[in-house]
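[1] all I have is the shape, not the residue letters:
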């Protein structure tokens, strides 16, 4: 199975900061990568799919980039509701696999 | 109202079986692939299984292959996960999720989850 490695595992930031989370695949997955946000006690929320396509209703401060093995989720001007855990998911080949998550803390 | 509601979780002994259900409403269920994703307490997300919109194809995660079976009843707008030979490591909150874009991992709707404890 394809291994997805996120970094960092956690980061500390302040409201208004910009942050970047990376996800690396153990083999090429073209642009087939999705990003999710999960707040404590809640189901994940779709942010970005196909590496860079913003899901409808998601604020434009979220952006995704990358292809093949290296991908990035960028959040500009962090808002209080953005402090959560972020996961990447490769949907290139079954079994689909998630990264281990990145916790964004205040 | 667009909604997914899971049920069927509980406490079960190792080696036993359990079937989860996910009832969909507010959208045309038969048009969408459906997935199960689980999350062990305090851990990350693990993709479990998918079933095509018409039930024609099914795929499984490595840790559940051969023990879990995904199925659907489009006449009842319901997704199922039959779990056999359960192990302690299957303890998790099980979410059903709807694909937002066909054949992609863009799950645009999730249920609230149902907790399975194997002990």
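    Right, received. Where do you want to start? Values in this document were obtained by computation on a predicted structure and should not be read as measured data. Numbering: from 1, shown residues only, chains lettered A, B, ... in the order given.

[2] C-alpha only now, for contacts and for neighbours.
    Will do.

[3] residue B:59: how many residues sit nearby?
    17 (other C-alpha atoms under 10 Å in any protein chain shown).

[4] confirm that it sits in a strand.
    Yes - under DSSP: H, G, I helix; E, B strand; the rest coil, residue B:59 sits within a strand.

[5] I'd say it and residue B:51 touch.
    Yes - the criterion here is C-alpha atoms under 8 Å, and residue B:59 meets it with residue B:51 at 6.8 Å.

[6] quick check, central residue of chain B?
    residue B:36 (2.8 Å; C-alpha atoms, centre = their mean).

[7] what lines up beside the host helix or strand of that one in the sheet?
    Using DSSP states H and E, residue B:36 sits in strand B:34-39. Sheet pairing for strand B:34-39, assigned by DSSP bridges, gives strand B:45-51 (antiparallel), strand B:92-99 (antiparallel).

[8] those strands into CSV, with extra columns for mean neighbour count and mean pLDDT?
    What follows is the strands paired with strand B:34-39, written out as CSV (neighbours: other C-alpha atoms under 10 Å in any protein chain shown; pLDDT from 0 to 100):
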stretch, mean neighbour count, mean pLDDT
strand B:45-51, 24, 98
strand B:92-99, 25, 98
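
[9] quick one: which of these is nearest residue A:42?
    strand B:92-99 (10.7 Å; C-alpha to C-alpha).

[10] tell me how far the closest one is from the chain's mean position?
    5 Å (C-alpha atoms, centre = their mean, to the nearest Å).

[11] go on, stretch B:20-29?
    Centroid displacement of stretch B:20-29 relative to its chain, using C-alpha atoms, centre = their mean, is 11 Å.

[12] run through who's touching that stretch.
    B:1-9, B:53, B:74, B:76-83, B:96, B:111 (C-alpha atoms under 8 Å, 6 or more residues apart in numbering or on different chains).

[13] among those, name the buried ones.
    B:3-7, B:9, B:53, B:74, B:77-81, B:83, B:96, B:111 (16 or more other C-alpha atoms under 10 Å in any protein chain shown).

[14] quick check, nearest of those residues to residue B:119?
    Comparing these against residue B:119 with C-alpha to C-alpha places residue B:9 closest, at 13.0 Å.

[15] circling back to that earlier point, the buried ones among the contacts of stretch B:20-29 in helices, which ones?
    Using DSSP state H, no member of these falls within helices.

[16] now, these that are in strands?
    Among the buried ones among the contacts of stretch B:20-29, the members falling in strands (DSSP state E) are B:3, B:4, B:5, B:6, B:7, B:78, B:79, B:80, B:81, B:83, B:96.

[17] pull up the gap between the closest residue to the first one other than its chain neighbours and residue B:4, please.
    Spelled out, that is residue B:3. Spatial nearest neighbour of residue B:3, excluding adjacent residues (C-alpha to C-alpha, 6 or more residues apart in numbering or on different chains): residue B:25 at 5.2 Å. Residue B:25 sits 7 Å away from residue B:4, going by C-alpha to C-alpha, to the nearest Å.
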